[in-house]
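*Asks:* from the sequence below, what's the structure:
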Amino acid sequence: MYIAVAGNIGSGKTTLTTLLSKHIGFEPQYEDPGNNPYLLDFYSDMQRWSFNLQIYFLNSRLRTLSQIQKSKKNVIQDRTIYEDARIFAPNLHSMGLLSKRDYENYISLFDTISDLIQPPDLLIYLRGSIPALVDQIQQRGREYEDSIRLDYLRRLNERYEAWYESYNLGKKIEVAIDDNNFKEKPEDLGKIVNLVKAELFGLFK
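*Replies:* As a prediction, the model looks like this:
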């Protein structure tokens with residue numbers, strides 16, 4: 001089985017991926033922002049580096065999905081390939097940071113790839129308010145995130161909401177991070193674990 005954890009920057013995807021992997025016995029797959037050669041440049045000059053960054057992410061996530069499908073293991077993944085194409089790229093285009101030519105080229109490439117990949121058996125969406133996201137971004141203290149603008153986070157949040165509501169590729173659940181401190185409260189994490197098990201295995205219903 002394959003679970004994917006989706007959510008805006010700072011929503012706690014990596015933390016939940018780690019905690020759930022331990023409780024349900026799935027192998028975690030993470031983003032590796034430290035090895036991304038474009039992130040720091042992107043946040044310094046979004047217009048110059050947006051296309052490069054999106055292509056890098058698309059290639060990286062496709063490679064990860066290919067490995068997941070070949071492994072036949074139960075995997076939980078931090079972020080999905082769909083978020084890049086349905087949220088980040090359209091947002092950059094609407095902000096004038098990704099040209100029409102580059103955007104159309106990117107979407108055409110994604111549409112070709114999407115026919116070759118298997119969607120997750122369960123999508124977990126971490127929904128968060130802007131204050132909650134900013135608080136968690138500041139707590140983790142990543143240098144390349146220091147220059148993220150609030151309007152950028154708000155735009156992404158709006159697109160996440162619309163995407164999640166229209167998502168129809170499989171089962172899905174949402175977790176409100178403002179009301180669920182799964183990192184520090186075992187009872188909040190337990191509720192999520194039970195919800196995930198119910199969706200995947202039909203338990204606790």
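*Asks:* going forward, measure contacts and count neighbours with C-alpha atoms only.
*Replies:* Will do.
*Asks:* for the spatially most central residue of the chain, give me phi and psi.
*Replies:* With distances taken as Cα atoms, centre = their mean, residue 79 lies nearest the centre of the chain, 2.9 Å away. Per-residue torsions, residue 79: phi 80, psi 150 (degrees, to the nearest 10).
*Asks:* again with residue 180
*Replies:* Backbone torsions of residue 180, given as degrees, to the nearest 10, read phi -130, psi 100.
*Asks:* packing partners of the lowest-mean-pLDDT helix or strand in the chain?
*Replies:* In the chain, no helix or strand scores lower on mean pLDDT, DSSP states H and E than helix 130-140, which sits at a mean of 83. Here helix 130-140 touches helix 150-166, going by 3 or more Cα pairs under 8 Å, 6 or more residues apart in numbering; DSSP states H and E.
*Asks:* contacts for the helix it packs on next, please.
*Replies:* 7, 8, 9, 86, 87, 88, 91, 125, 130 (Cα atoms under 8 Å, 6 or more residues apart in numbering).
*Asks:* among those, which two are most distant?
*Replies:* Largest separation among the contacts of helix 150-166 by Cα to Cα: 86 and 130, giving 19.8 Å.
*Asks:* all strands of this protein, in order?
*Replies:* Using DSSP state E, the strands of the chain run over 2-7, 27-29, 75-78, 122-127, 171-176.
*Asks:* residues in contact with the second one?
*Replies:* By Cα under 8 Å, 6+ apart, the surrounding residues in contact with strand 27-29 are 17, 18, 21, 73, 74, 75, 76, 77, 78.
*Asks:* okay, now the sheet partners of it, with direction.
*Replies:* strand 75-78 (parallel) (DSSP bridges).
*Asks:* check the fourth one too.
*Replies:* Sheet partners assigned to strand 122-127 using DSSP bridges are listed as strand 2-7 (parallel), strand 171-176 (parallel).
*Asks:* tell me which of these sits nearest to residue 140.
*Replies:* Nearest of these to residue 140, taken as Cα to Cα: strand 2-7 at 16.1 Å.
*Asks:* which positions within that closest one qualify as buried?
*Replies:* Within strand 2-7, the residues scored as buried using 16 or more other Cα atoms under 10 Å are 2, 3, 4, 5, 6, 7.
*Asks:* same check on stretch 175-195?
*Replies:* So for stretch 175-195, counting by 16+ other Cα under 10 Å, buried means 175, 177, 180, 182, 189, 192, 193, 194, 195.
*Asks:* and of those residues, the nearest to residue 104?
*Replies:* residue 175 (32.3 Å).
*Asks:* and the closest one, what does it touch?
*Replies:* Going by Cα under 8 Å, 6+ apart, residue 175 touches 124, 125, 126, 127, 192.
*Asks:* tell me the pLDDT at it?
*Replies:* Listed pLDDT for residue 175 reads 97.
*Asks:* and the helix ranked longest in the chain, which residues are buried?
*Replies:* In the chain, taking DSSP state H as the definition, the longest helix is helix 46-71. Using 16+ other Cα under 10 Å as the test for burial, helix 46-71 gives 46-47, 49-51, 53-55, 57-58, 61-62, 64-65, 68.
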